[in-house]
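>>> pasted the sequence and its predicted model underneath.
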Amino acid sequence: MGSLQLTSIRKAFGTHEVLKGIDLDVKDGEFVIFVGPSGCGKSTLLRVIAGLEDATSGSVRIDGAEVINTPPAKRGIAMVFQSYALYPHLTVKDNMGLGLKQAGEEKSVIEARVAKASGMLSLDPYLARRPAELSGGQRQRVAIGRAIVREPKLFLFDEPLSNLDAALRVQTRLEIAALHRRLKATMIYVTHDQVEAMTLADKIVVLNAGAIEQIGSPMELYNRPANLFVAGFIGSPQMNFIEAGRIGEPGAKTVGIRPEHIALSRDGGTWQGRVEHVEHLGADTIVYIETEKTGLLTVRLFGEHPYAPDDLVFATPDMASLHRFDDDGRVIAGR
Amino acid sequence: MSKARSSPIRSSLIHLALISYTLIALFPVFLTLVNSLKSRNAIFRDPMALPTPKTFSLIGYETVLSQGDFLGYFQNSMIVTVVSIALVLLFGAMAAFALSEYRFRGNMMMGLYLALGIMIPIRLGTVAILQGMVATGLVNTLTALVLVYTAQGLPLAIFILSEFMRTVSDDLKSAGRIDGLSEYAIFFRLVLPLVRPAMATVAVFTMIPIWNDLWFPLILAPGEETKTITLGAQMFIGQYVTNWNAVLSALSLAILPVLVLYVIFSRQLIRGITSGAVK
């Protein structure tokens, strides 16, 4: 109960094309995340799915039924917004129940569903309060509760964690993951934060400039990025890109190597260089080295390492983890 | 708190400026009230003096209440003002919502066109308005005044309200649409409560010129039945003799209702239920 098919969705504001033909299949129960830099069209795409924005052309099917001319309330969706978007004049309970009330649901049904959702999100003590009397995290839980109460075919999340502080973000992320396991509902989630994308998604859709760059599971994107954009976008710190000619890799334009796939030694290795800067994070040590062959390299070492700026070191890449890209930035298959 | 702000000299200077402005602004009102309570001779002998038992007189109020239908004038002014404000707020808010919420061809031009009235005084069109009212048979009716004042108040109302409505969270309206609220419900139940302070501002700005206006009542509705309070007070001002007691008393009385309306609206200005709704 909750598949989604997008077929060549296009959206233009005036002459500016924001979505350039999006095709996507979401299976029932999948957790799909749209990720990309700001302005890539991911929020617009979500709003097109919700029906808040009309697509210029293309088709949106929910559970096989064309909904392009269906108003948002009748599409069987629920949406959670970045700014929570709670109704300021209604109590938590009325906020959660309004959608059902508008749909003409019976009072007892509304009561039961609100009670169930509020139990799930531990909102019971706050049901009589207004949004102004809640903290940010509680407000976002109410917004999620409002979505659950509707029992939608599709949950849509528009950067729901962006307004929360770091600790609360992790906690709410876990709650959303648990919720997905529990409800087994189809969820579509927009974020610019690749950590959220990697931790929550069954399937990540990387968008850039209104087009899909790659679709895949988090590990597929990490291990087999299809092009330079995805390679640079997924993974933190960012993948190192080196001109292939400088290190003698024939047949490729650019070579990419992730910071965690480079070994560092004081005694000997492939590339000699000098340490520029070191970031000690406890669990990780990030070392930036300048080598003659490659330019600035980011190296991620696990655990604590006593490197200091101006140390002479040798970096050795794990050749099996090398990514090679052609002139157009596409990956060259086979190593 | 910053150092500059807590400096006693600085804050006392600010208070001095504010107090002197208050005095200047209140002085005419004070003079009107004081002299309305004095006898005619006392007004001319020493206009600044407070009423003493010797000079105290309610003759002005007696004249006002006995001559002419002053309660009727009050009622007329009240009806015209309240109905005009209500119409300005309703139609102004609706137009502002359309301009700020929907993307349509000519949105920008429409906004400019609707705001044009701020720059062009409606009185320039008096002759045409009078001709129109004569043709439609609306001369000497309160409807004529309500129509003119609604037209007069709309440009500013649309201008202010559309700016405010742009600040109402898009997400909130989207959430309403997903929950199945109609566009009207979104307008009346989500957006209007959030722009209530702006509505109160518009109401105050609209109300005062309407209440004080002499021009249109004189031209469009000078009949006894439709006289407003400002027009009613004019009957005591003659070319050769002016009954100052009556004029000042009438004006003193005219301050009251507008004061009451102001208090009602300014309470709305303070109320801020929006805090915490979004982010």
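Done, it's in.

>>> residues near B:Ile120, how many?
B:Ile120 is flanked by 10 other residues according to other Cβ atoms under 10 Å in any protein chain shown. Quick note: C-beta positions are derived from backbone N, CA and C, even for glycine.

>>> scratch that, A:Gln238 is what I was asking about
Look at A:Gln238: counted by other Cβ under 10 Å, it has 14 neighbours.

>>> how about the secondary structure of it?
The three-state assignment at A:Gln238 reads coil, by DSSP: H, G, I helix; E, B strand; the rest coil.

>>> how about the residues of the stretch 51-200 of chain A by chain B?
Within the stretch 51-200 of chain A, the residues that sit near chain B (Cβ under 8 Å from any Cβ of the partner chain) are A:51-52, A:71-74, A:77-79, A:81-89, A:98-99, A:102-103, A:130-134, A:139, A:146, A:158, A:163.

>>> out of those, which sit inside strands?
Among those, the members falling in strands (DSSP state E) are A:Ile77, A:Ala78, A:Met79, A:Asp158.

>>> what sits against the third one?
The reference is to A:Met79. A:Leu46, A:Ala50, A:Ala147, A:Phe155, A:Leu156, A:Phe157, A:Asp158, B:Ser174, B:Ala175, B:Ile178 (Cβ atoms under 8 Å, 6 or more residues apart in numbering or on different chains).

>>> low pLDDT regions in chain A?
A:1, A:334-335 (pLDDT under 70).

>>> so what's A:Trp271 bridging to?
A:Trp271 has these beta-bridge partners by DSSP bridges: A:Ala315.

>>> touching, it and A:Glu290? I think so.
No - A:Trp271 is beyond contact range of A:Glu290, at 10.2 Å (criterion: Cβ atoms under 8 Å).

>>> common neighbours of these two, please.
Shared contacts of A:Trp271 and A:Glu290 (Cβ under 8 Å, 6+ apart): A:Leu297.

>>> which one of those two is surrounded by more residues?
A count of neighbours by other Cβ under 10 Å puts A:Trp271 above the other of A:Trp271 and A:Glu290, at 18 against 13.

>>> please report the distance of the more buried one from chain B.
48 Å (Cβ to the nearest Cβ, to the nearest Å).

>>> now do A:Gly273
46 Å.

>>> three-state assignment of that residue?
Applying three-state DSSP: A:Gly273 is strand.

>>> immediately after the top helix by length along chain B, which helix or strand?
The longest helix of chain B (DSSP state H) is helix B:70-101. Using DSSP states H and E, the helix or strand that follows helix B:70-101 in sequence is helix B:107-115.

>>> just want the angle from that next one to helix B:70-101.
170 degrees (axes from the mean of the first three to the mean of the last three Cα atoms, to 10 degrees).

>>> who touches helix B:107-115?
For helix B:107-115, using Cβ under 8 Å, 6+ apart, the contacting residues are B:Ala95, B:Leu99, B:Leu154, B:Pro155, B:Ile158, B:Phe159, B:Ser162.

>>> quick one: residues contacting the residue nearest the centre of chain B.
What sits nearest the mean C-alpha location of chain B, by Cα atoms, centre = their mean, is B:Met207, with 1.5 Å. Applying Cβ under 8 Å, 6+ apart, we find B:Met207 in contact with B:Thr81, B:Ile85, B:Val258, B:Leu261, B:Tyr262, B:Phe265.
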